[in-house]
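Novice: below are the sequence and a predicted model for it; my questions follow.
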Amino acid sequence: MLVDRFMQSDAGVSSNDRVQLNKKSLRAYLGVHQRFLSLLAVLFYLTAGLPPRCEELVGLTWHNRDIARSVYISDGLLAIVTGYHKSQWRVGNRPVARFLPPALGDLLVHYFIYVTPFVQWVNFSIGELGQQGYLFSQGGATSWSPDTISDCMKRQTV
């Protein structure tokens, strides 16, 4: 049961048990979450149309910040929109939309609905900043480095 996994109570106190967070389990959950994000990055790279550059993936945002978010729903499909592409010098600064396969789009929508709020709560509970709007980030306000995406690809394609 999740309560038993993420909470611990002081033994010896009868009806007034004091419940505390099990920070070790919460940090372990964040590790599993990072593993999930690394697999998600590989799926994005391999299935979302023309493969994006790593710089494009690490800059994806899931809610509006000082720049517009990168994830949209259009005609029932989830699209990731990037403002940078390698032929930008030739065609100008036009955004590029990459549509995800329906199964991956559904997975991402469920991730935003169920997992993201819990991860934000976990980060808050253990005193870390959290995702801060970037889809691919680890416990802070900045996104992953492009090298992290490359490492994920190397691990999964060995």
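Specialist: Structure received.

Novice: in this structure, what secondary structure element scores lowest on mean pLDDT?
Specialist: Least confident helix or strand of the chain, by mean pLDDT, DSSP states H and E, is helix 88-91 with a mean of 59.

Novice: ok, the following helix or strand past it: who's next to it in the sheet?
Specialist: Remark: after helix 88-91, the chain's next helix or strand is strand 96-99, criterion DSSP states H and E. Applying DSSP bridges, strand 96-99 is found paired with strand 77-82 (antiparallel).

Novice: and the contacts of the helix ranked longest in the chain?
Specialist: Counting residues, the longest helix found in the chain (DSSP state H) is helix 23-47. With contact meaning C-beta atoms under 8 Å, 6 or more residues apart in numbering, helix 23-47 is reached by 5-6, 51-52, 57, 80, 100-101, 104, 107-108, 111, 115, 119, 122-123, 125-126, 135-136, 138-139, 144, 148-149, 152-153, 155-157. In this view, the C-beta of every residue, glycine as well, is placed from N, C-alpha and C.

Novice: just the buried members of those residues?
Specialist: Buried members of these, scored by 16 or more other C-beta atoms under 10 Å, are 6, 52, 57, 80, 100, 104, 107-108, 111, 119, 122-123, 126, 135-136, 138-139, 144, 148-149, 152-153.

Novice: in strands only, show me the contacts of helix 23-47.
Specialist: Those of those mapping onto strands are residue 80, per DSSP state E.

Novice: ranges for the helices of the protein?
Specialist: 2-6, 23-47, 54-58, 88-91, 102-110, 116-126, 146-156.

Novice: now the second one: buried residues?
Specialist: To tie it back to what came earlier, the one meant is helix 23-47. 25-26, 29-30, 33-34, 37-38, 40-45.

Novice: ok, for the spatially most central residue of the chain, nearest residue in space, not its chain neighbours?
Specialist: Nearest to the mean C-alpha position of the chain, by C-alpha atoms, centre = their mean, lies residue 135 at 3.8 Å. Distances taken as C-beta to C-beta, 6 or more residues apart in numbering put residue 60 closest to residue 135, at 4.3 Å, once the chain neighbours are dropped.
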